[in-house]
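Trainee: just to be clear, the model below is a prediction. Sequence and coordinates:
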Amino acid sequence: MKENISNNEKVTLEELQLPQDLKKLTISQCNGLCKEIRTILISTVSKTGGHLASNLGAVELTMALHRNFNSPEDKIVWDVGHQAYTHKILTGRLDRFSTLRQENGISGFPKPSESEHDTFISGHSSTSVSVACGISEAMKLQGKDNYAVAVIGDGAMSGGMFYEAMNNCGRDRQRNLIVVLNDNNMSISKSVGALSKYLTSLRNTERYLHTKRAVERGLEKIPLVGKSVTKGIKNVKDSVKSNILEQSTMFEDMGFIYLGPVNGHNLAELEEVFHMAKSYHQPVFIHVKTVKGKGYSPAEANPGEYHGISKFDIATGNPEVAAADSYSTVFGKELVKLADKDEKLCAITAAMKYGTGLQFFHFKYPDRFFDVGIAEQHAVTFAGGLASMGMTPVFAVYSTFLQRAYDQLVHDVAIGGLHVVLGVDRAGIVGEDGETHQGLLDVPMLTTIPNTTVYSPSCYMEMKMCMRKAIYEDKGLAAVRYPRGSEKMEFDQSDITTEWLFKQLSGSKILIITYGRLYNEAIKAQKELEKGGINCDILKLTKIFPLDGKLGDEIKQYPRIVFFEESMGEGSISEKVGDILSELGYCGDYSRVTADGFVKQASVRSCLDKLGLTRCRMADYIRQRSNNNGKA
């Protein structure tokens, strides 16, 4: 920072040592920086894609946090981490911010390996209070007097884990724990349920906090009394509140001191409430009101559309390339067609109505559409309840979020043999959102559950056929998994099936096994290898679990078998095929190419290429395997 900077002088982010210099600035100077940050956010996300609206709404809040707390000694935990872009800018990553969500760039979520200011990885919601509770307990055990601050959105408060943490944390009064609710009245999909109504009632009590502040300021001005009265100010809260609010808040019943609501775009108000919260040295809950998309009119008008967005034109706000179709959209529209003839069919989402294509179902059949909020565990068990009464529930959910509901799939659906259908969206590699969002664990997870059928179609038509089988022919738990984006179909319609088929060439001694969108890559690899004199057959699986008992005898005749799979290797279908071959005494060369560990952010194509799952990498692997007699 420049020496002896005037309080009236304009400053820019580039000339500051961040975050420490923020404390040296005036409110006016910080407001100027907030405008600069919004310009950077809009400019960067328009080029890289990402989560725009939530970050635009959290600029002043983030600025106030770093001016009033001492990161990294004080720990700020973001929930969900996609609202932490300003945090990244203010903690030494301004010069790299243009690489956001790009390969070898900075992550779109907090990442401790990236910066000491990133306290905890947070790609899924409703976790921050649990994390901060653990951190504050560790600080107490270590004799530290620092603060743990959890920043949570109102949508994430629909997750049950939040209440488990609040119930546990509020019991211990001697804890430097502060929970900040970033209430923008807008989760990914519109907030639903009793909680949303409760927060709405709290938003109407702003005069309580303003009145309390005025009383406290008045008491502080009384001559001679000084600090002795300051200590008593905290007791004023109860008497003031009893005259304005008829009952205590839910958060106070859990053991937290409740402060708010406050204007999340007013730095002076934010700093005052943070100063007040720090003085208690007890669990404090701060209710902050913000506007999602603040400062960019298209995002303010349509915050849901700008929650997560691809590249877009800043002037118009329109996406750079508007996708004409996608697996999610086709799934949603096909579900409506089935519901037209089936009154028992219901659709469920966990706050991802638009992301999963269920907006069409909601529009036409609102009575049979259920948005349960960010509560995947509840969604599955709720579906079990519907199924127990003869309804046919379809829960459309991202692969990465389905991980949160494993116990419910086992205990509340599969054990009882209830017929629940899962639309597992974003299965496989998703790209720029990185490790927390890659859908590489649903296959190992689902295939451990008895009474479960799993399909992985390779095109739209196949997905529609699988949906019909899952809904009307299968029993128990049935899942149709499909990738993010649109179909890439360079194979014949004769290849479409809901079971399995061979794509054979004459004289082949090599067999490629795969499923889902990788079939398209395998077809291209087969053609490339054929040109070089290497013939390969392909076994395409669509119903990937349970495996047909006849498959072992069909494939054991091949001297060399390679399984390409867009899944984590442990517990994968390729592992199960290997077990079958072993039981049959197979003596040939069996190998498999899968993910092995978490996959960092990059484009989908780059991720697949690094995993060896693109046309060229498949062909190279088989050539090398053939040349080295089975040793790639």
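Mentor: Arrived safely, thanks for sending.
Trainee: was I right about residue 155 contacting residue 371?
Mentor: No. Applying Cβ atoms under 8 Å as the test, residue 155 and residue 371 come out as separate, 10.9 Å apart. Glycine gets a C-beta too; all of them are placed from N, C-alpha and C.
Trainee: ok, those two, which is more surrounded?
Mentor: residue 155 (28 against 23; other Cβ atoms under 10 Å).
Trainee: can you give me the end-to-end span of stretch 48-58?
Mentor: 19 Å (Cα to Cα, to the nearest Å).
Trainee: hang on, I meant stretch 77-94
Mentor: Note: stretch 77-94 ends 20 Å apart using Cα to Cα.
Trainee: try stretch 592-612
Mentor: Counting by Cα to Cα, you get 10 Å between the two ends of stretch 592-612.
Trainee: touching that stretch from outside, list them.
Mentor: With Cβ atoms under 8 Å, 6 or more residues apart in numbering as the test, stretch 592-612 has contacts from 101-105, 107-108, 429-435, 438, 440, 484-485, 521, 562-569, 572, 574-575, 577-578, 613-614, 616-618, 621.
Trainee: in contact with residue 332, which residues?
Mentor: Applying Cβ under 8 Å, 6+ apart to residue 332 gives the contacts 356-361, 396.
Trainee: Throw the residues you listed into JSON lines and include neighbour count, distance to residue 26 and pLDDT, thanks.
Mentor: Shown next, in JSON lines, are the contacts of residue 332 (neighbours: other Cβ atoms under 10 Å; distance: Cβ to Cβ, whole Å; pLDDT from 0 to 100):
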{"residue": "356", "neighbour count": "27", "distance to residue 26": "46", "pLDDT": "93"}
{"residue": "357", "neighbour count": "25", "distance to residue 26": "48", "pLDDT": "93"}
{"residue": "358", "neighbour count": "28", "distance to residue 26": "48", "pLDDT": "95"}
{"residue": "359", "neighbour count": "17", "distance to residue 26": "46", "pLDDT": "93"}
{"residue": "360", "neighbour count": "20", "distance to residue 26": "51", "pLDDT": "95"}
{"residue": "361", "neighbour count": "27", "distance to residue 26": "52", "pLDDT": "97"}
{"residue": "396", "neighbour count": "26", "distance to residue 26": "49", "pLDDT": "97"}
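Trainee: from those residues, which land in strands?
Mentor: residue 396 (DSSP state E).
Trainee: list just the nearest of the contacts of residue 332 to residue 263.
Mentor: residue 359 (32.0 Å; Cβ to Cβ).
Trainee: you'd agree that closest one is up against residue 353?
Mentor: Yes. Look at residue 359 against residue 353 with Cβ under 8 Å: they come within range, at 5.2 Å.
Trainee: on that earlier part again, please indicate which of the contacts of stretch 592-612 are buried?
Mentor: Neighbour-count burial (16 or more other Cβ atoms under 10 Å) applied to those gives 101-102, 105, 107-108, 429-435, 438, 440, 484-485, 521, 562-569, 572, 574-575, 577-578, 613-614, 617-618, 621.
Trainee: pull up the pairing partners for the longest strand along the chain, direction included.
Mentor: In the chain, with assignment by DSSP E, the single longest strand is strand 560-568. Within its sheet, strand 560-568 is paired with strand 510-515 (parallel), strand 589-595 (parallel), according to DSSP bridges.
Trainee: touching the helix or strand just after that strand from outside, list them.
Mentor: Using DSSP states H and E, the helix or strand that follows strand 560-568 in sequence is helix 573-583. Applying Cβ under 8 Å, 6+ apart, the contact partners of helix 573-583 are 443, 447, 513, 515, 541, 544-545, 547, 551-552, 555-556, 561, 563, 565, 567, 569, 590, 592, 594.
Trainee: may I see the buried residues of stretch 31-40?
Mentor: Of all the residues in stretch 31-40, those buried under the rule 16+ other Cβ under 10 Å are 31-34, 36-38, 40.
Trainee: which stretches of the chain have low pLDDT?
Mentor: Across the chain, residues meeting the criterion (pLDDT under 70) sit at 1-6, 172, 186-248, 302-324, 630-632.
Trainee: can you redo the strands paired with strand 560-568 as JSON lines with distance to residue 161 and mean neighbour count?
Mentor: Shown next, in JSON lines, are those (distance: least, Cβ to Cβ, whole Å; neighbours: other Cβ atoms under 10 Å):
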{"stretch": "strand 510-515", "distance to residue 161": "33", "mean neighbour count": "26"}
{"stretch": "strand 589-595", "distance to residue 161": "27", "mean neighbour count": "20"}
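Trainee: adding distance to residue 532, write those strands out as a markdown table.
Mentor: Listed next are the strands paired with strand 560-568 as a markdown table, based on distance: least, Cβ to Cβ, whole Å:
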| stretch | distance to residue 532 |
| --- | --- |
| strand 510-515 | 12 |
| strand 589-595 | 19 |
